[in-house]
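In: here's my sequence, what's the structure:
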Amino acid sequence: MPDRPPIWEQGFASQPASEILGRPAHTGGGRFRFDGVRAAERGPGAAEDFQRQAWRDQIDLAGALDWDLVSLGWGMSAKPSRWIDDRTFLVGEQEQGKAWAVYRFDESSDTLQEIAHYLDNADISEFEEYVQQAECAAQDRPSSDEIHPVPPQFAALVPPDAMLATGGCMLAIPYRPPRWLEVLHERHDLIERLLDLQVESARVTAAAAARQGARFVNGGGDFCYNSGPMYSPRIFHDLMLPRLQEIVRVCNEHNLWYVWRTDGWTWPVADDLFHTSGVHGYGEIDAQAGMDLAELRQHFPNLVLVGGIDCGQLLQNGTPEQIAAATRSAIEIAGPRYIVGSSNVIHSGIPAENYMAMWKVAVDASSQYCYAEARR
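Out: Numbering: from 1, shown residues only. Modelled structure (predicted):
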């Protein structure tokens, strides 16, 4: 039983991180990813220097905020094959039979997004070829002893009193480009083959992550809008659930906690997702979509709830007093199986003082009493 509510963020933009650390820091967000691309373009040495500094910054931020978990920031190190303009670039080659994607960095929103993909208007034969190539590549997948889900240089920086969290072990029906959702109905066998590949990858990743000392798997995969899942509950039950159960079984075998994360309204599949599957936790709890912590705690008393403090409106536009009140309420409602954090990430639109208003409630001595009360 923790002595206070655990604290963690799966992503933290560089701008508020720099304000908190009092120096420039590379931790996350679109600018962070774009700078990683620029570094990769300058060559291996520049890319390695950028990555090492980013790892140090992420560890320093976690230490300054006394987070209970430590994880890698989401980066991008792809090297552009061609620049379309100073913010838009191509990865791959736009030739027949070759894979490519176009990305654009938008400074105003601090996002780096894929805006075009070679499968956008592909016919079914091209998707079948994609799956076949993925299956062929999987035949040469390294063993769990040969891979490192977390870079060893980063893992070595994690302090002994923090839990190492890792990504991987994802399970998702593709939806980018959206044509994949048409393939789901035209040829669901192709989707099942992709999902089976993800399960096999999870077997290897889970074993390797456990070997590296990880205990927390930030898994899952987006599949919901504010109005509900992007495919039917029956598809989730038939295609996703049995494979998710197998991934959770593998994680249990390696003493790993598996947290499913997705935005959106998950209630139409909640029993399958949060009870029958056996997942240990739920992250990216989307307050704006109606995912209420009190309702979740009532229905799933043993589920670890991760975050849920609205980062779309409250953390971005609320007052520190409003944020503190919402955080204390979340701890009272969802504790003790609750990790304090945002509903997704601390993006660049969130003022550092607003994040600190949430953080101070979690580390304040009075929260220990609030937590103990919730435990009783």
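
In: measure Gln245 to Met163 for me?
Out: 24 Å (C-beta to C-beta, to the nearest Å). Where you see a C-beta, it was placed from the backbone N, CA and C, and this is true even at glycine.

In: meant to ask about Asp120
Out: 40 Å.

In: okay, these two: which has more neighbours?
Out: A direct count of neighbours by other C-beta atoms under 10 Å for Asp120 and Met163 places Met163 higher, at 17 against 12.

In: mind checking the longest helix of this structure?
Out: helix 188-211 (DSSP state H).

In: now the helices for the stretch 51-200 of the chain?
Out: Assigned by DSSP state H, counting those that start in this stretch, the stretch 51-200 of the chain shows helices spanning 124-138, 152-155, 179-186, 188-211.

In: could you dump those helices into a markdown table and include mean pLDDT, mean neighbour count and distance to Gln53?
Out: Output for the helices of the stretch 51-200 of the chain, formatted as a markdown table (pLDDT from 0 to 100; neighbours: other C-beta atoms under 10 Å; distance: least, C-beta to C-beta, whole Å):
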| stretch | mean pLDDT | mean neighbour count | distance to Gln53 |
| --- | --- | --- | --- |
| helix 124-138 | 96 | 14 | 32 |
| helix 152-155 | 96 | 16 | 12 |
| helix 179-186 | 96 | 17 | 36 |
| helix 188-211 | 97 | 19 | 24 |
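
In: to Gly290, which of these lies closest?
Out: Proximity to Gly290, assessed across those by C-beta to C-beta, is greatest for helix 179-186 (22.7 Å).

In: okay, the closest one in PDB with CA atoms only?
Out: What follows is helix 179-186, C-alpha atoms only, in PDB (Å, rounded to 0.1, in the frame of the first residue of the first chain):
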ATOM      1  CA  ARG A 179      -8.900   2.600 -45.100                       C
ATOM      2  CA  TRP A 180      -7.900  -0.100 -42.500                       C
ATOM      3  CA  LEU A 181     -11.300   0.100 -41.000                       C
ATOM      4  CA  GLU A 182     -12.800  -0.800 -44.400                       C
ATOM      5  CA  VAL A 183     -10.400  -3.700 -44.600                       C
ATOM      6  CA  LEU A 184     -11.700  -4.900 -41.200                       C
ATOM      7  CA  HIS A 185     -15.100  -5.400 -42.800                       C
ATOM      8  CA  GLU A 186     -13.900  -6.600 -46.300                       C
END
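
In: other SSEs contacting it?
Out: helix 124-138, helix 188-211 (3 or more C-beta pairs under 8 Å, 6 or more residues apart in numbering; DSSP states H and E).

In: from the chain's centre, how far out does that helix sit?
Out: Taking C-alpha atoms, centre = their mean, to the nearest Å, one finds the center of helix 179-186 at 24 Å from the center of the full chain.

In: same question, stretch 219-231
Out: 13 Å.

In: now it: average pLDDT?
Out: Mean per-residue pLDDT for stretch 219-231: 96.

In: residues of that stretch that come out buried?
Out: Judged by neighbour count using 16 or more other C-beta atoms under 10 Å, the buried positions of stretch 219-231 are 219-221, 223-224, 228-231.

In: what about that stretch, start to end distance?
Out: 19 Å (C-alpha to C-alpha, to the nearest Å).

In: let the chain start at 407 from now.
Out: All set: I'll call the first residue 407, so the last point we hit is now stretch 625-637.

In: just the strands in the stretch 407-556 of the chain please.
Out: 475-476, 488-491, 494-498, 506-512, 517-523 (DSSP state E, counting those that start in this stretch).

In: so which of those strands is the most packed in?
Out: strand 475-476 (a mean of 22; mean count of other C-beta atoms under 10 Å).

In: just give the strands next to that one in its sheet, each with its orientation.
Out: strand 569-572 (parallel) (DSSP bridges).

In: how about the strand it pairs with as CSV, C-alpha atoms only?
Out: Below are the C-alpha coordinates for strand 569-572, written out as CSV (Å, rounded to 0.1, in the frame of the first residue of the first chain):
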residue,chain,number,x,y,z
MET,A,569,9.4,1.8,-11.1
LEU,A,570,10.5,1.4,-14.7
ALA,A,571,7.6,1.6,-17.1
THR,A,572,7.8,0.4,-20.7
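
In: model confidence over that strand, on average?
Out: The model assigns strand 569-572 a mean pLDDT of 96.

In: show me the contact partners of it.
Out: Under the criterion C-beta atoms under 8 Å, 6 or more residues apart in numbering, residues 414, 416, 474-478, 555-556, 561, 564, 611, 615, 618-624 lie in contact with strand 569-572.

In: so how far is that strand from its chain's centroid?
Out: 12 Å.

In: one step back: tabulate the helices of the stretch 457-606 of the chain in CSV, adding columns for distance to Leu467.
Out: Formatted as CSV, the helices of the stretch 457-606 of the chain follow (distance: least, C-beta to C-beta, whole Å):
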stretch, distance to Leu467
helix 530-544, 35
helix 558-561, 13
helix 585-592, 35
helix 594-617, 22
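
In: between those, which one is closest to Arg437.
Out: Closest to Arg437 of the helices of the stretch 457-606 of the chain is helix 558-561 (C-beta to C-beta; 20.4 Å).

In: for the closest one, which helices and strands make contact with it?
Out: Where contact means 3+ C-beta pairs under 8 Å, 6+ apart, helix 558-561 is packed against helix 450-470.

In: how about the helix it packs on: buried residues?
Out: Buried residues in helix 450-470, counting neighbours by 16+ other C-beta under 10 Å, are found at 453, 456-457, 460-461, 463-468.

In: which strands and helices sit next to that helix?
Out: For helix 450-470, the packing partners by 3+ C-beta pairs under 8 Å, 6+ apart come out as helix 420-427, helix 436-448, strand 475-476, helix 558-561.

In: this completes my enquiry, with thanks.
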